[in-house]
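K.L.:
Compute the structure for the input listed below.
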Amino acid sequence: MSERRRVVELLPYDLEWKEEFAKIKTMIDSYIGDLILRIEHVGSTSVEGLAAKPVIDIDVVIESYDIFPKIIECLEQEGYEHEGNLGVEGREVFKRRCDDGLMNYHLYVCPKDGKGYLEHIAFRDYLRENTKAREEYEVLKYKLAEAYRDDRDSYCNKKSEFVESILERTIYHQEKE
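P.N.:
Here you go, the predicted model:
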């Protein structure tokens, strides 16, 4: 279910997160698989060895916004509510209106060339490939979770500088060349 937790709770990496993602992916694919390009596991739970909040982040990748009205229609029929982009360009948020018996998750629909999707993939892949960066990020996350345990927004905002530094080394560095 995509219910948001108010308290910041970090857990050590859990191999079950991959299995939970696979279950959610299968369910989403059964709803809209014929309309999409792929379903990606993003966010900290997708990075082996990285502590994370126990919430799976999922990007459903579409060719373009041309198909988006049909995506909304299909997901609404399956119990999701479109919440808009919530201030992030290239990422549309869907919230589950009922308990589906699965681990908590965030569902995003993104065009393949959308900023939200490209940043999610660049950050995920960089952390997967760079042990030092992954360890630094984990230390930062634990420090922030302790300092902002009851303030999820501040916890997220304080991670932004680190995330932006990785994006500058990856996708935005390439644009400047």
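K.L.:
The residue positioned nearest the centre of the chain pairs with what?
P.N.:
By C-alpha atoms, centre = their mean, the mean C-alpha position of the chain lies nearest to Asp57, the distance being 3.1 Å. Counting by DSSP bridges, Asp57 forms beta bridges with Val42, His106.
K.L.:
any idea how far it is from Ala147?
P.N.:
22 Å (C-beta to C-beta, to the nearest Å). For glycine as for every other residue, the C-beta is placed from the backbone atoms N, C-alpha and C.
K.L.:
again with Cys156
P.N.:
13 Å.
K.L.:
same check, this time on Val61
P.N.:
For Val61, the distance to Ala147 - C-beta to C-beta - is 34 Å.
K.L.:
Looking at those two, which one has more neighbours?
P.N.:
Between Val61 and Ala147, counted using other C-beta atoms under 10 Å, the more crowded position is Val61 (18 against 12).
K.L.:
I figured that one hits Lys112, correct?
P.N.:
Yes: counting by C-beta atoms under 8 Å, Val61 touches Lys112, with 5.3 Å between them.
K.L.:
Check the contact lists of these two and give me the overlap.
P.N.:
Common neighbours of Val61 and Lys112, using C-beta atoms under 8 Å, 6 or more residues apart in numbering, are Leu37.
K.L.:
residues in contact with Ile166?
P.N.:
Ala122, Phe123, Tyr126, Leu127, Ala133.
K.L.:
Got a quick ChimeraX command for the buried subset of these?
P.N.:
Applying 16 or more other C-beta atoms under 10 Å to these leaves a buried subset, and the ChimeraX line that selects it is:
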select :122,123,126,127,133
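K.L.:
ok, the contacts of Ile166 vs Leu15, which is closest?
P.N.:
In terms of C-beta to C-beta, no member of the contacts of Ile166 lies closer to Leu15 than Leu127, at 16.9 Å.
K.L.:
The closest one looks like it's in a helix, true?
P.N.:
Yes: per DSSP: H, G, I helix; E, B strand; the rest coil, Leu127 lies within a helix segment.
K.L.:
Could I get the contacting residues of it?
P.N.:
Contacts of Leu127 (C-beta under 8 Å, 6+ apart): Val47, Leu50, Ala133, Arg134, Tyr137, Ile166.
K.L.:
Okay, the first one and Tyr13: tell me how far apart.
P.N.:
As judged by C-beta to C-beta, Val47 and Tyr13 stand 8 Å apart.
K.L.:
which one of the two has more residues nearby?
P.N.:
Neighbours per residue (other C-beta under 10 Å) separate Val47 from Tyr13, with Val47 holding more: 23 against 16.
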